[in-house]
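**Q** need a 3D model of the sequence below.
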Amino acid sequence: SSDVCSSDLEYMSKVVILLGSPANSTLFRPLSLDIPRPLFPVAGKSIIYHHIRACAAIEDLQEIILIGGYDESQFRSFMNSASEEFNLPLSFCSELGLGDRNIGLGSAGCLEHFRDAITLGAPERIFVMHCDIACKLPLHAMMKQHAASNVVATIVGKKVAEEEVPFYGMLITQEGSEEIVHFTEHPEVVLSNTINCGIYLFSPSIFEYISKARLAQAKKPTAVYEPSVTGENLALSLEADVFSTLARSHNLHVHHYDMFWSQIKTAGRAVSCAAFYMTEYAKSHPGMLEYAGGKTTPGIAQPELVGYNVIHPDAVIHPSAKIGPNVCIQASVRIGAGARIANSIVLEDCEIKEHACILNSIIGWNSVICQWARVAGRKDYSLASERSTKEINICVLGCDVRIEAEICVRQCIVLPHKSISGNVDNQIIL
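**A** The predicted structure follows:
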């Protein structure tokens, strides 16, 4: 979601969305075993759909470029659909076979490698954003600030709790100014509670600073990289290698943001981000939702709907079921009598049988939850516990999982093609 961008700023823009790769989607397993993380449905739409919808409001937008370590064929159907819906060109640049095996070319390395595609048409503004975030993209406000400040880079920053800062990049600004004087990725010592949100606006001269970072990297020992990876195939990061140089040259400013923002690194985080998007779309695009007081079929009994929900029209739900709040139900899902679902995502072709209960969970494709079974995660938890391997929060079932009747599965991750016939709690079922 985004604020609407007006045409009072005349320069041409491009958007680059960094998709990452399967190697850095491990926290999203088991769901990323079956679908690229950027295409996972959050609030009924792919994660990157929300970015593209927001960027489509930029009136002078030339093109959106997707860059990632995937095969283009995995995204072709989505790109064709989005390009037609928003009437704008989308292109794909694949990092497959390039750079470090685990991290690809890096956020700066991929801009360097695909520089010709990005600069084609001489855009004056280049938005770069990571795909694994959810927020109301402040694009118009960023453009205004960037034009007024006349710097090379403007990045979105947000104040968070001090204990969360080490998970992100830390920004230290000049007192009374937007100028960033120091940037540290994953700091060991917390000196500021303002973090990098992964949304950037660059002038074309950013490529000069990327080149400087590449030259500086060439002078460093390369033992930390794969021996077969050399030169421009070494990973180069905006956050770790480029931003500190921009800060030293007084060319890095922060755009302060104080609304909802979250990464979608884990499968569980997709549930809370879905709640955010549904609340936003209820105000701006209510037709995207099925919600209490929303669409009904005259003469046909309806299930009880609580709060905001996204329900695919092909789903079949018994009138005595209770759905919501914050539930996303995909196509061809069957939900039986008396079933209760809240704060959860139910993916395609699942069957939720009579009186089953699903809370704070993601149910993978083609799964079956039998009668009176209960699948439950925890709704409120800290970022530290989410990143911990000791405790599971949201319950996640991979594809083709069967939970037998009257079984309770609590705070578990279940890999695909498993059948659970006994109660389990806080386990990874391999």
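**Q** report the longest helix in the chain, please.
**A** Longest helix in the chain, counting residues (DSSP state H): helix 269-284.
**Q** roughly how far is it from the heart of the chain?
**A** 12 Å (C-alpha atoms, centre = their mean, to the nearest Å).
**Q** residues in contact with that helix?
**A** Residues outside helix 269-284 that contact it (C-beta atoms under 8 Å, 6 or more residues apart in numbering) are 1, 40, 42-43, 45, 47, 50, 134-136, 260, 262-264, 288-289, 291, 308-310, 325-326, 328, 343-345, 360-362, 386, 394. The way it works is simple: take the backbone N, C-alpha and C, and place the C-beta from them, glycine included.
**Q** what do you get for stretch 21-32?
**A** 36-37, 40, 68-70, 95, 101-104, 264-267, 362, 364, 396, 398-399, 413-416.
**Q** make a PyMOL selection of the buried ones in those residues.
**A** Those of those that count as buried under 16 or more other C-beta atoms under 10 Å are selected in PyMOL with:
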select buried, resi 36+37+40+68+69+70+95+103+104+264+265+266+267+362+364+396+398+399+413+414+415+416
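**Q** distance check, the most centrally placed residue in the chain against Ser344.
**A** A centroid search over the chain (C-alpha atoms, centre = their mean) returns Asp132, at 2.6 Å, as the residue closest to the centre. Using C-beta to C-beta, to the nearest Å, we find Asp132 at a distance of 20 Å from Ser344.
**Q** same deal with Leu111?
**A** Distance from Leu111 to Ser344, by C-beta to C-beta: 37 Å.
**Q** check Leu139 too.
**A** Plainly put, Leu139 is 31 Å away from Ser344 if you go by C-beta to C-beta.
**Q** contact partners of the helix or strand where Asn309 lies?
**A** Following DSSP states H and E, one finds Asn309 within strand 308-311. Strand 308-311 has contacts (C-beta under 8 Å, 6+ apart) with 43-44, 274-275, 278-279, 281-282, 288-292, 317, 323-329.
**Q** report the rounded mean pLDDT for it.
**A** Across strand 308-311, pLDDT averages out at 91.
**Q** which intervals of the stretch 101-250 of the chain have sub-threshold pLDDT?
**A** Residues of the stretch 101-250 of the chain meeting the criterion pLDDT under 70: 101-103, 221-233.
**Q** 80 instead?
**A** Applying pLDDT under 80 to the stretch 101-250 of the chain picks out residues 101-104, 219-234.
**Q** what segments of it are strands?
**A** In the stretch 101-250 of the chain, the segments counted as strands under DSSP state E, counting those that start in this stretch are 125-130, 133-135, 153-159, 169-173, 180-185, 194-202.
**Q** what lies in contact with the fourth one?
**A** Spelled out, it's strand 169-173. For strand 169-173, contacts defined as C-beta under 8 Å, 6+ apart pick out 155, 157, 179-187, 190-192, 194-196, 239, 243, 254.
**Q** now do the second one
**A** Strand 133-135 has contacts (C-beta under 8 Å, 6+ apart) with 1, 42, 47, 50, 197-199, 257, 259-264, 273, 276-277.
**Q** Val160 reaches Ile195, doesn't it?
**A** Yes. If you go by C-beta atoms under 8 Å, Val160 and Ile195 touch, sitting 5.4 Å apart.
**Q** quick one, which of those two is more surrounded?
**A** Ile195 (21 against 16; other C-beta atoms under 10 Å).
**Q** distance of the more buried one from His256?
**A** From Ile195 to His256 the distance is 11 Å (C-beta to C-beta).
**Q** can you pull out the helices in this structure?
**A** Using DSSP H, the helices of the chain run over 47-55, 76-86, 106-113, 115-119, 139-149, 206-218, 243-248, 269-284, 383-387.
**Q** so which elements touch the second one?
**A** Yep, that's helix 76-86 we're talking about. Applying 3 or more C-beta pairs under 8 Å, 6 or more residues apart in numbering; DSSP states H and E, one finds that helix 76-86 contacts helix 47-55, strand 90-94.
**Q** now the longest one, how far from the centre of its chain.
**A** It refers to helix 47-55. On C-alpha atoms, centre = their mean, the centre of helix 47-55 falls 10 Å from the chain's centre.
**Q** contacts for that helix next, please.
**A** So helix 47-55 is contacted by 1-2, 15, 17, 19, 37-40, 42-43, 45, 61, 64, 66, 78, 82, 86, 90, 127, 129, 131-132, 134, 136-137, 139, 264, 270, 277 (C-beta under 8 Å, 6+ apart).
**Q** and the angle from that helix to helix 76-86?
**A** Taking axes from the mean of the first three to the mean of the last three C-alpha atoms, to 10 degrees, one finds helix 47-55 and helix 76-86 inclined to each other by 20 degrees.
**Q** and helix 47-55, which residues are buried?
**A** Neighbour-count burial for helix 47-55 flags Ile47, Ile48, Tyr49, His50, His51, Ile52, Arg53, Ala54, Cys55 (criterion: 16+ other C-beta under 10 Å).
**Q** now swap in stretch 202-210 and tell me
**A** Across stretch 202-210, burial judged by 16+ other C-beta under 10 Å covers Phe202, Ser203, Pro204, Ile206, Phe207, Tyr209, Ile210.
**Q** okay, how far is it across that stretch, tip to tip?
**A** With C-alpha to C-alpha, to the nearest Å as the measure, stretch 202-210 spans 12 Å from end to end.
**Q** picking that back up, mean confidence for the longest helix of the chain?
**A** Helix 269-284 shows a mean pLDDT of 89.
**Q** repeat for stretch 325-340
**A** 93.
**Q** for it, the distance to its chain's centre please.
**A** Its chain's average C-alpha position is 24 Å from that of stretch 325-340, according to C-alpha atoms, centre = their mean.
**Q** overlap in contacts of Val160 and Ile195?
**A** Each of Tyr168 lies in contact with both Val160 and Ile195 under the rule C-beta under 8 Å, 6+ apart.
**Q** wait, what's in contact with Thr184?
**A** Per C-beta under 8 Å, 6+ apart, neighbours of Thr184: Gly169, Met170, Ser244.
**Q** check what contacts stretch 402-415 and list those residues.
**A** Residues contacting stretch 402-415 (C-beta under 8 Å, 6+ apart): 30, 353, 367-378, 391-398, 401, 418-430.
**Q** among the strands of the stretch 101-250 of the chain, which comes closest to Ala216?
**A** Proximity to Ala216 (C-beta to C-beta) singles out strand 180-185 among these, at 15.0 Å.
**Q** buried set for that closest one?
**A** The neighbour-count check on strand 180-185 (16+ other C-beta under 10 Å) flags Ile180, His182, Phe183, Thr184 as buried.
**Q** let's have these in JSON lines, adding distance to Val165.
**A** Shown next, in JSON lines, are the buried residues of strand 180-185 (distance: C-beta to C-beta, whole Å):
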{"residue": "Ile180", "distance to Val165": "15"}
{"residue": "His182", "distance to Val165": "13"}
{"residue": "Phe183", "distance to Val165": "12"}
{"residue": "Thr184", "distance to Val165": "10"}
